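Give me a model of this one.
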Amino acid sequence: MSSHPLNTVTIDLAALAGNYQAIQQKVGSGVRILAMVKSDAYGHGMIQSAQKLAEAGCQYFGVAEIDEGIALREAGLAGEIIVFLGSYHYQEILHYDLSPVVFDLQMLEGLSAKAVEANKQIGVHLKIDVGMGRLGIMPKQVPDFLKRIEALPGVFLASILGHFPSADINEARESTMVQGRRFAELSGVCSDQHSEAALLHIANSAAILRYPATYYSMVRPGIALYGCYPAPECENSSPVSLRPVMSFSSRIIQVKEVPTGYGLSYGHLHLTHRPTRLAVLPVGYADGYLRALTGKAQVLIRGQRTKVLGRICMNACVADITDIPEARVDDPVQLMGCQAAGHKENDQLISADEVADWLGTISYEVLCLFGNSNERIYI
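Residues are numbered from 1 along each chain as shown. Below is the predicted model of the structure:
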């Protein structure tokens, strides 16, 4: 990567650790935290984020695929690494001491055979679909899976997990509670028939913030670790104060003045209505600053909000600095985040949620987009 990047994503590792500690305080010391660091830690850098979380006391980490788990092990991460999409690469699971989520009998049998061959015991995490309609076995399959886990050598039940589809939605409160009760009932069956030592976890970030009854023995924060609330309802109903971990900035590379009625960028979607002073910014959709932000985006320059004018291009866009006469070439430009430490007022902060609203998406996607499209600097 360039040693002088024009566009920079900054990752505040102290904020990440602080969010972890705030969540631990919320759920209580008796509840374990499984930190979701999949998909390069939502664009924040999986290895750096996991290492910081480990320093903060985290002992459980969630990844999507086996390659992520291998990368963490090769980086020296200890603790339990749970592979949420499971894997049929049994040898690597054993070699790197990874823990797979299981939802398929063939996978269970393959793990058992390899574990016996290696004279090892491997903990498996049984996923039950209690309403998500995605990965996981159906409730009626639970008895058969428990019997197989009990009968197969080399494997044991490490945890039972589920997932809430709508814990962040007010209107889905009753269905979320029903799903929580269903999970508790099935988990009780598992404990009665198999192992009371198995951990239970279904609470994602939204449930952590809104449904304390669903904490059980472990919770699985994802977006909350990175300083975003899953939905406004979660922020408004929760006493947990989260700090954004990611910010995104650029710099002014040219200042120019254009007359009234001057067309800006491709298609001349914007015609100036007054003599206008422009700041050209070296950021565009190749940097994750998508074309869909055209006509919507705002940025912070010298601590003031101003609009991005005209079509956003592949590597450039322009901001109106007519009312910021002190703005100069090489001034920093905040595309997401605060320009001054401690500022949380709307005019001093461009949040991931605000950018997501401009794009018609969610903060999760914005973080992955910016974080994976630009050079990251860790502080």
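
Only the buried residues of stretch 89-105, if you could.
Across stretch 89-105, burial judged by 16 or more other C-beta atoms under 10 Å covers 89-90, 92-94, 96, 98-103. Glycine gets a C-beta too; all of them are placed from N, C-alpha and C.

biggest separation within these, which pair?
Y96 and F103 (20.6 Å; C-beta to C-beta).

I'd like the buried residues of stretch 89-105 laid out as TSV, including pLDDT.
As requested, those are arranged in TSV below (pLDDT from 0 to 100):
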residue	pLDDT
H89	95
Y90	95
E92	96
I93	96
L94	96
Y96	97
L98	97
S99	96
P100	97
V101	97
V102	95
F103	94
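
Distance to I379 and secondary structure for those residues - can I get that in JSON lines?
As requested, the buried residues of stretch 89-105 are exported to JSON lines (distance: C-beta to C-beta, whole Å; DSSP: H, G, I helix; E, B strand; the rest coil):
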{"residue": "H89", "distance to I379": "36", "secondary structure": "coil"}
{"residue": "Y90", "distance to I379": "40", "secondary structure": "helix"}
{"residue": "E92", "distance to I379": "34", "secondary structure": "helix"}
{"residue": "I93", "distance to I379": "35", "secondary structure": "helix"}
{"residue": "L94", "distance to I379": "38", "secondary structure": "helix"}
{"residue": "Y96", "distance to I379": "30", "secondary structure": "coil"}
{"residue": "L98", "distance to I379": "31", "secondary structure": "coil"}
{"residue": "S99", "distance to I379": "32", "secondary structure": "strand"}
{"residue": "P100", "distance to I379": "35", "secondary structure": "strand"}
{"residue": "V101", "distance to I379": "34", "secondary structure": "strand"}
{"residue": "V102", "distance to I379": "39", "secondary structure": "strand"}
{"residue": "F103", "distance to I379": "39", "secondary structure": "coil"}
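
Would you mind checking which of these is nearest to Q298?
V101 (41.1 Å).

In the sheet, which residues pair with the closest residue to that closest one other than its chain neighbours? Tell me.
Nearest non-adjacent residue to V101, counting by C-beta to C-beta, 6 or more residues apart in numbering: H125, 4.6 Å away. H125 has these beta-bridge partners by DSSP bridges: V101, S159.

and after the helix or strand bottoming out on mean pLDDT in the chain, which helix or strand comes next?
The weakest-scoring helix or strand in the chain, judged by mean pLDDT, DSSP states H and E, is helix 232-237 (a mean of 69). Sequence-wise, the next helix or strand downstream of helix 232-237 (DSSP states H and E) is strand 246-251.

show me where pLDDT drops low in this structure?
1-3, 189-197, 234-238, 341-347 (pLDDT under 70).

what do you get if the cut-off is 80, keeping everything else the same?
1-4, 187-197, 231-239, 340-347 (pLDDT under 80).

need the next SSE after the lengthiest helix in it, C-terminal direction.
Secondary structure of the chain read by DSSP state H shows that its longest helix is helix 173-193. Next helix or strand after helix 173-193 toward the C-terminus (DSSP H and E): strand 199-203.

helices or strands next to that next one in the packing?
Helices and strands touching strand 199-203, by 3 or more C-beta pairs under 8 Å, 6 or more residues apart in numbering; DSSP states H and E, are strand 155-161, helix 173-193, strand 218-219.

repeat that with 10 Å
strand 32-36, strand 60-63, strand 122-127, strand 155-161, helix 173-193, strand 218-219 (3 or more C-beta pairs under 10 Å, 6 or more residues apart in numbering; DSSP states H and E).

Relative to V308, which of these is closest?
strand 32-36 (32.2 Å).

What is the distance between that closest one and the centre of its chain?
13 Å (C-alpha atoms, centre = their mean, to the nearest Å).

Against which helices or strands is that strand packed?
helix 13-27, helix 46-55, strand 60-63, strand 80-83, strand 155-161, strand 199-203, strand 218-219.

Walk me through which strands it pairs with, and which way each runs.
strand 60-63 (parallel), strand 218-219 (parallel).

Just say which of these is most tucked in.
strand 60-63 (a mean of 24; mean count of other C-beta atoms under 10 Å).

Figure out how far it is from the centre of its chain.
With C-alpha atoms, centre = their mean, you get 12 Å for strand 60-63.
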